[in-house]
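In: quick check, what structure comes out for this input:
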Amino acid sequence: MNLFKTTLLYAFIFLSTGCSKKNYSNKTAYQFISIGGQPDYADINYWAAHPWKWDPSDSVPAPLRKNYIKDSVVDVFFIHPTSLTDYEDTLWNANIDDSAINAKTDYTSILYQASVFNEQCRVFAPRYRQAHLRAFYSHDKAKCDTVFELAYGDIKRAFEYFLKHLNNQRPIIIAAHSQGTLHAGRILREYFEGKDLENRLVCAYLVGMPVPESYFKKIKTCTDSSSTGCFVSWRTYKRDYIDTTFISKEIFKCFVTNPLTWKTTDEYAPRNYNTGAVLKNFNKIKKNVVDAQIHNNILWTCKPRFFGNIFLHQKNYHIADINLFYTTIRENVKTRIKMFWKR
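Out: Modelled structure (predicted):
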């Protein structure tokens, strides 16, 4: 599990993902109280995204609505990234009833990330007692292992509930970003790899964390845009930038996918391959924002091109791993579902 831990959640000016608690703390929709502080996945409140209610994952950017056709032949189990990032917060795991954290999750990662899967899929995203951001940097290994284990325990129970009561034998896409990918990898190893459920895996989108070549024994990386039963993964950085804090210290080789070509080679993909990014304005699709090329363990892109990018100095584009390739991911999901049924 430790091989997944790497750089996390930097401020990124063109995405509104750094919302403060005061923005959402009074949302009446989040006034629910758990029993014993544990999520109850029979209660729809403990799903950030669920097809039996409206939530931000149902949102569709305005330019994509004309040809939008809702379908429900495949289920997406989406595991959201870290929302518990305030270093003034002394908690190591999020309170499952924290209205501000739940709202921040819903109107950041669920809106900007989980929504990419909403056209041909039912989207399920459990709330969970996520680990605080500091757990990725702390040197207290025993403490951090306990913190991540609590978070994963919630994900595991949510997935088991999903399989037993909600999925009804549909094909499954596992999707995650950042801390979510940390937990998604374990779900794939425990429930899919070498088991019957592997036959229902359309694809796994394991974004924002490294997937070492030794992590899976049977599940393979996708090598093109139409493979199924496989996974894709990438971490996005500005071209020629080397993260000396984490990336340069990695002693393992990991799988990397280019989300503009869906290949694992170092072939360069120019910006005109990028059919659309979703940045701070969710209802605006911006084409040709970045190019992409695999470089060792990461994905390199040019500096994102948008009005105001002169103020963008960040070179780690982790927080926009999905947003920068929003429409290419959306189309790829449809392609893989189509090929899954053919095969």
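In: mind listing what residue 125 touches?
Out: 47-50, 57, 77-80, 110, 114 (CB atoms under 8 Å, 6 or more residues apart in numbering). Where you see a C-beta, it was placed from the backbone N, CA and C, and this is true even at glycine.
In: including distance to residue 179, could these go into TSV?
Out: Putting the contacts of residue 125 into TSV (distance: CB to CB, whole Å) gives the following:
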residue	distance to residue 179
47	17
48	14
49	16
50	20
57	18
77	15
78	13
79	8
80	8
110	14
114	14
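In: okay if I get those residues as TSV plus distance to residue 310, secondary structure and neighbour count?
Out: Listed next are the contacts of residue 125 as TSV, based on distance: CB to CB, whole Å; DSSP: H, G, I helix; E, B strand; the rest coil; neighbours: other CB atoms under 10 Å:
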residue	distance to residue 310	secondary structure	neighbour count
47	40	strand	23
48	35	strand	25
49	35	strand	28
50	41	coil	21
57	33	helix	29
77	39	strand	27
78	34	strand	28
79	35	strand	31
80	31	coil	27
110	30	helix	24
114	31	helix	30
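In: and the furthest pair within those?
Out: Using CB to CB, the contacts of residue 125 reach their maximum pairwise distance at 50 and 79, which is 14.1 Å.
In: just the closest of the contacts of residue 125 to residue 322, please.
Out: Of the contacts of residue 125, the one sitting nearest to residue 322 (CB to CB) turns out to be residue 114, at 9.1 Å.
In: thought the closest one was touching residue 59?
Out: No: using CB atoms under 8 Å, residue 114 makes no contact with residue 59, being 9.4 Å away.
In: what is in contact with the two at once?
Out: Counting by CB under 8 Å, 6+ apart, nothing touches both residue 114 and residue 59.
In: tell me which residue lies nearest the centroid of the protein.
Out: Centroid-nearest residue in the chain: residue 177, 2.5 Å away (criterion: CA atoms, centre = their mean).
In: wouldn't that one be in contact with residue 109 here?
Out: Yes: look at residue 177 against residue 109 with CB under 8 Å: they come within range, at 6.7 Å.
In: shared neighbours of those two, anything?
Out: What both residue 177 and residue 109 touch, as defined by CB under 8 Å, 6+ apart, is the set 80-81.
In: buried stuff in stretch 250-257?
Out: For stretch 250-257, a neighbour-count test (16 or more other CB atoms under 10 Å) marks 250, 254-257 as buried.
In: next one: stretch 310-324
Out: In terms of neighbour count (16+ other CB under 10 Å), stretch 310-324 has its buried residues at 312, 314, 316-324.
In: same list, these, but as a markdown table with distance to residue 217 and pLDDT please.
Out: Below are those laid out as a markdown table (distance: CB to CB, whole Å; pLDDT from 0 to 100):
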| residue | distance to residue 217 | pLDDT |
| --- | --- | --- |
| 312 | 40 | 84 |
| 314 | 36 | 88 |
| 316 | 31 | 93 |
| 317 | 31 | 95 |
| 318 | 28 | 95 |
| 319 | 31 | 95 |
| 320 | 32 | 96 |
| 321 | 26 | 98 |
| 322 | 27 | 98 |
| 323 | 32 | 97 |
| 324 | 31 | 98 |
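In: ok, so of the residues you listed, who is nearest residue 72?
Out: Distance to residue 72 across the buried residues of stretch 310-324 (CB to CB) is lowest for residue 322, with 21.7 Å.
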